[in-house]
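> Got a predicted model here, sequence first, then my questions.
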Amino acid sequence: MNDLTARRQFLKQLGVSAGAVPFLSGLPGVGNLLAANQVGPRKRVVIMFSPNGTIPTEFWPDQPGSDFAFKRILKPLEPYRDRIALLNGISNNVGGDGDRHMRGMSCLLTGAELFPGNIQGGSDSPAGWASGISIDQELKNFFQSNEATKTRFGSLEFGVAVPNRADPWTRMSYAGPNKPVAPIDDPKRMMERLYGKMEDKESLVSIVDDVRDDLKKISSRLATEDRALLDQHLQLVRELEKELASQEESGELAHPMPDIDPKIELVNENTPRISRIQIDLLVNSLANDMARVATLQYMRSVGQARMNWLGIEEGHHGLSHEPDNNKEAGEKLTKINEWFCGELAYLIQRLDETPEPGQDGSMLDHTLVLWLNELGKGNTHTLENIPFVLIGGEKATGFNMGRYVQMPKNTPHNRLWVSVAQSMGHQIETFGNQIYCQGGALDLVSEIAAPAPPESKPTQPAKPKPKPAPPRKTA
């Protein structure tokens, strides 16, 4: 019997209903009552995505090393400089079918080619879904296969303003070849997934009220730390529940398609609030050990979000195509990326201010957060020098943080995913297309990154064979 099943049976024996399980099963004291202690420090991975490239001159520091200066886009992360590793020189070398936005998005976490398909993009050949599993789902499977690390969900996929469509531009997580995983961008739907179906408004019965009696049954057996964690959990759920009910009544969290131009994404002025709710739910679910892996996807590749809350009326993707000498467009793109970085900083702050349940330090000490993009630069559509920002504690990874690293040119991002997997205890030697794993895992522990192997940009492999199922039928 694994730890998760044992916890559920234990709570059932105490007469606690299934509705109370999400509030209790992740508490360290419940594990102590079962004598099922975690072996070694708990480790987690959170991957955050924002689209359409960055502004390199406002992103990358001028000099590598530990004494780097933050440029404008990364300024919100300055309080956490000793927890950050900036990796420049990492590229998505995966070729094959599909335009660079498609390959940038759907090969980003898979490191594998797209299947041939019927989805046409740009001027390149049409393509289908990715031909391999994504690193988040690979780590989910690894954690779920171990009794000590198995959780209720394994992984959770959060979205913010992701349009209701399915194509390689909107999906970065894959459960396997031709199996895209859709993020949930509606906070109410995510609440329902985490805690069960929310009651209708007429009944006025909240999730918290529904399990209050059950929680009283076990509270006397909880340690002081567990009671404090439970109270925090209940308070956050109650606050989010009230806000979601209020917003649903007013329609403020709705994401209607614009009447003027259907090509513009479903983004409105309340997107920032939706973002913060999703981040709060993400951190709360990890704190209660509902999952060890999470993704947070903002919008989509080629997305034309109009970020009115920043005073920007143009579509994001259109702005990203403007030439470098268009200073007005460059300023707006910098503001957009500053906003994404600010949301990342809020995520980091929430992890840092939340004590690690049952262990020393904060949740950030035990979590690796990666912020990435599908392109290095929007107007060139380059898949080189993709911005990779790693944030977290050395307890989670053993990586040498607090530095800006200039990697050898065209270092395949597959090697980074091997490094991340190994840091989580998953001792794989390759990930995605093996051709791009030459040289093995990146050395992110030493002061100086390991040199690139000879021929750092390998020969393109043969195209994968298509699957019989039409890609568009996979949701």
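Everything's here; your move. What you see is a predicted model; the values in this text were computed from it and never measured.

> Surely Pro41 is within a helix?
No - assessed by DSSP: H, G, I helix; E, B strand; the rest coil, Pro41 does not belong to a helix; its assignment is coil.

> residues near it, how many?
14 (other C-beta atoms under 10 Å). Every C-beta, even on glycine, is put in place using the N, C-alpha and C of the backbone.

> The longest strand seen in the chain: which residues count as buried?
The longest strand of the chain (DSSP state E) is strand 403-412. The neighbour-count check on strand 403-412 (16 or more other C-beta atoms under 10 Å) flags 403-407, 410-412 as buried.

> Redo those as CSV? Include pLDDT and distance to Leu139.
What follows is those, written out as CSV (pLDDT from 0 to 100; distance: C-beta to C-beta, whole Å):
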residue, pLDDT, distance to Leu139
Arg403, 96, 24
Tyr404, 97, 26
Val405, 96, 22
Gln406, 95, 27
Met407, 95, 22
Asn410, 95, 25
Thr411, 97, 21
Pro412, 98, 19
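
> will you turn those residues into TSV that also has distance to Phe431?
What follows is the buried residues of strand 403-412, written out as TSV (distance: C-beta to C-beta, whole Å):
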residue	distance to Phe431
Arg403	24
Tyr404	25
Val405	20
Gln406	23
Met407	17
Asn410	17
Thr411	14
Pro412	10
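
> From the residues you listed, pick the one nearest Gly376.
Here the nearest of the buried residues of strand 403-412 to Gly376, counting by C-beta to C-beta, is Asn410; it sits at 11.2 Å.

> correct me, but the closest one touches Asn93?
Yes - under the criterion of C-beta atoms under 8 Å, Asn410 makes contact with Asn93 at 6.4 Å.

> what mean pLDDT does stretch 83-100 have?
In this model, stretch 83-100 carries a mean pLDDT of 96.

> in this protein, what spans have low per-residue confidence?
Counting by pLDDT under 70, the ranges of the chain that qualify are 1-22, 24-26, 28-40, 123, 197-222, 247-268, 447-475.

> Could I get the full set of helices for it?
3-13, 21-24, 28-33, 100-106, 135-144, 187-195, 207-219, 224-250, 271-287, 316-320, 327-353, 394-397, 413-423 (DSSP state H).

> any residues touching the fourth one, and which ones?
Contacts to helix 100-106, defined as C-beta atoms under 8 Å, 6 or more residues apart in numbering, come from residues 51, 92, 94-96, 98, 113-114, 119, 121-122, 124, 127, 129-130, 168-172, 174, 180, 300-302, 373-375, 381-383, 386.

> Kindly provide the distance from the nearest residue to Ile279 once chain neighbours are set aside to Leu416.
Spatial nearest neighbour of Ile279, excluding adjacent residues (C-beta to C-beta, 6 or more residues apart in numbering): Leu347 at 5.0 Å. Leu347 sits 20 Å away from Leu416, going by C-beta to C-beta, to the nearest Å.

> Does Asn88 touch Gln406 like I think?
Yes - assessed by C-beta under 8 Å, Asn88 is found in contact with Gln406 at 5.3 Å.

> if I look at these two, which residues touch both of them?
Pro64.

> Which one of the buried residues of strand 403-412 is nearest to Ile135?
Taking C-beta to C-beta as the measure, Ile135 lies nearest Pro412 of these, at 13.3 Å.

> That closest one: what's it in contact with?
Going by C-beta under 8 Å, 6+ apart, the list of residues near Pro412 reads 90-93, 111, 436-438, 456, 458.

> wait, which of the residues you listed is closest to Asp289?
Of these, the one sitting nearest to Asp289 (C-beta to C-beta) turns out to be Gly111, at 28.3 Å.

> so how many other residues sit close to the nearest residue to the closest one once chain neighbours are set aside?
Of all residues not flanking Gly111 in the chain, Gly432 sits nearest, at 2.3 Å (C-beta to C-beta, 6+ apart). Using other C-beta under 10 Å, Gly432 is surrounded by 27 other residues.

> Identify each buried residue in stretch 140-152, please.
Those would be 140-144, 149-152, for stretch 140-152 by 16+ other C-beta under 10 Å.

> Same question for stretch 224-241.
For stretch 224-241, by 16+ other C-beta under 10 Å, it's 226, 229-230, 233-234, 237, 240-241.

> One more: stretch 51-67?
51-56, 58-61, 64.

> can you count the residues close to Ser320?
The burial count for Ser320: 26, using other C-beta under 10 Å.

> hmm, I was thinking of Ile428
Ile428 has 14 nearby residues by other C-beta under 10 Å.

> what's the spacing between stretch 293-301 and its chain's center?
5 Å (C-alpha atoms, centre = their mean, to the nearest Å).

> so which of the buried residues of stretch 224-241 comes closest to Cys107?
For the buried residues of stretch 224-241, the nearest to Cys107 is Leu240 (34.6 Å; C-beta to C-beta).

> got a list of what the closest one touches?
187, 191, 277, 280-281.

> Turn these into TSV, columns for neighbour count.
Below are the contacts of Leu240 laid out as TSV (neighbours: other C-beta atoms under 10 Å):
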residue	neighbour count
Pro187	24
Met191	20
Ile277	23
Asp280	19
Leu281	23
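
> State the pair within those that is farthest apart.
Greatest spatial distance among the contacts of Leu240 (C-beta to C-beta): Met191 and Asp280, at 10.7 Å.

> Pull the contacting residues for the closest residue to Ser423 other than its chain neighbours.
Nearest non-adjacent residue to Ser423, counting by C-beta to C-beta, 6+ apart: Thr397, 4.0 Å away. Residues counted as contacts of Thr397 (C-beta under 8 Å, 6+ apart) are 43, 368, 390, 420, 423-424, 444.

> with the residues you listed in mind, which one is nearest to Gly318?
Nearest to Gly318 among those is Leu390, at 30.4 Å by C-beta to C-beta.

> separation between the closest one and Leu77?
From Leu390 to Leu77 the distance is 11 Å (C-beta to C-beta).

> Also Ala223?
Ala223 is 35 Å from Leu77, by C-beta to C-beta.

> Comparing those two, which residue is more hemmed in?
Leu77 (20 against 15).

> follow-up on the earlier one: out of the contacts of helix 100-106, which are buried?
51, 92, 94-96, 98, 113-114, 119, 121, 127, 129-130, 168-172, 174, 180, 300-302, 373-375, 381-383, 386.

> hang on, the earlier thing: and of the helices of the chain, who's closest to Val293?
Short answer: helix 135-144, nearest of the helices of the chain by C-beta to C-beta, at 4.7 Å.

> which helices and strands does the closest one pack with?
strand 44-49, strand 154-160, strand 173-176, strand 291-298, helix 413-423 (3 or more C-beta pairs under 8 Å, 6 or more residues apart in numbering; DSSP states H and E).

> Return the list of strands paired to the third one, each annotated with direction.
When you say that, I think you mean strand 173-176. Applying DSSP bridges, strand 173-176 is found paired with strand 179-181 (antiparallel).

> Tabulate the CA atom coordinates of stretch 318-328 in CSV.
The C-alpha trace of stretch 318-328 is given here as CSV (Å, rounded to 0.1, in the frame of the first residue of the first chain):
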residue,chain,number,x,y,z
GLY,A,318,2.0,41.7,-33.7
LEU,A,319,4.2,43.9,-31.5
SER,A,320,6.8,41.1,-31.3
HIS,A,321,7.2,41.3,-35.2
GLU,A,322,8.1,45.0,-35.2
PRO,A,323,11.8,45.7,-36.1
ASP,A,324,14.3,46.7,-33.5
ASN,A,325,14.3,50.3,-34.6
ASN,A,326,10.6,50.7,-33.6
LYS,A,327,11.4,52.0,-30.1
GLU,A,328,7.7,52.4,-29.2
